[in-house]
Every structure is written in structure tokens, then in C-alpha cells.
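Undergrad: kindly return the folded structure for what I paste below:
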Amino acid sequence: MFSFLTSIGEPTIWRKFHDLIIVLCILFGLLGIYALLTFIYLQDWSFFENAPDISENLETTLDTILVIMTDCVTCLSLITTSLAAYFAAANDRLTIPIRILASAENVNKFVWSVCYLLTFACRTEGGLFQ
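TA: Predicted coordinates:
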């Protein structure tokens, strides 16, 4: 039986495209999860029959606190992502592709953080920069 499968080339195809097949399975699995979560989100479900009864002052305060927390975490990520990119690139015990991947990922996070902070620096209400 095994010699028959070897003669038709199935094990060589599996060995040749093993990584691609795994990546495609992960891709379609994540796309399926995304589609399911998007479907659930669009159903407009609610945990409450009536909206929670909070004052407008409390709502404004909570919104401001959440915006300030987001700004602070993003500011702190400027430090951590730049250090992570440097140390990933400087680590000689990692292979070159892993070093490049880790460094690029952290540089992308750093650039996103800078762009986020620049776009919200001129915000008219609330936030860290007001």
C-alpha cells in the first residue's frame, strides 16, 4: 500500500506543499471566525432591555478616562516597541528570517503608534494632549 502511494507521488506532494497547506488552513479558519463574529455583531443583540441609566456627566467622564488610558498605553508602546525592535535585530542567537520578522513587526507597531498619536494630537475634546 505504501509503495503504491509513493509511486503516485502523494508523499512528495505533501512534503512539498505541507507548509502552504497549513497556512491555508489557518487562513481559512481565521476568515471563518472573522465572518462568524461579524455576523454576530451585525445582529444588533443587547444584554439590556433598556439602556443603562447613567448620567451624562458620568458618561463624559468615563469616555475621557478611556481615551486618556488609550493615549497613555500608546505613548508607552513607543518605548517598548522600539526596544523590542532593537533587541530582536541585535540578537545573534536567532536566525536571520526570525530576526527580520520580529524587528519588522515591532517597527510596524512603532510606526502605527506614532501615526495614532499624531492624528489624535489635535483632538478637540478630551485626551492626553488637552
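
Undergrad: dead centre of this structure: give me the residue that sits there.
TA: For the chain, the residue nearest the mean C-alpha position is Lys109 (9.4 Å; Cα atoms, centre = their mean).

Undergrad: against Ala88, how distant is that one?
TA: Distance, Lys109 to Ala88, by Cβ to Cβ, to the nearest Å: 12 Å. From N, CA and C alone the C-beta is placed, and that goes for glycine too.

Undergrad: now do the buried residues in the helix ranked longest in the chain.
TA: The longest helix of the chain (DSSP state H) is helix 56-90. Neighbour-count burial for helix 56-90 flags 67, 71, 74, 77, 81, 84-85, 88 (criterion: 16 or more other Cβ atoms under 10 Å).

Undergrad: could the residues you listed go into TSV alongside pLDDT and distance to Leu117?
TA: TSV is the format used below for the buried residues of helix 56-90 (pLDDT from 0 to 100; distance: Cβ to Cβ, whole Å):
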residue	pLDDT	distance to Leu117
Val67	84	12
Asp71	87	7
Thr74	92	6
Ser77	95	10
Thr81	95	12
Ala84	95	18
Ala85	95	17
Ala88	93	22
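
Undergrad: would you turn those residues into TSV with distance to Arg99?
TA: Shown next, in TSV, are those (distance: Cβ to Cβ, whole Å):
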residue	distance to Arg99
Val67	36
Asp71	31
Thr74	25
Ser77	21
Thr81	16
Ala84	12
Ala85	10
Ala88	6
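
Undergrad: before we move on, the earlier item: now the angle between helix 56-90 and the helix or strand following the longest helix of the chain, please.
TA: Toward the C-terminus, helix 56-90 is succeeded by helix 96-119 as the next helix or strand (DSSP states H and E). On the basis of axes from the mean of the first three to the mean of the last three Cα atoms, to 10 degrees, helix 96-119 is oriented at 150 degrees to helix 56-90.
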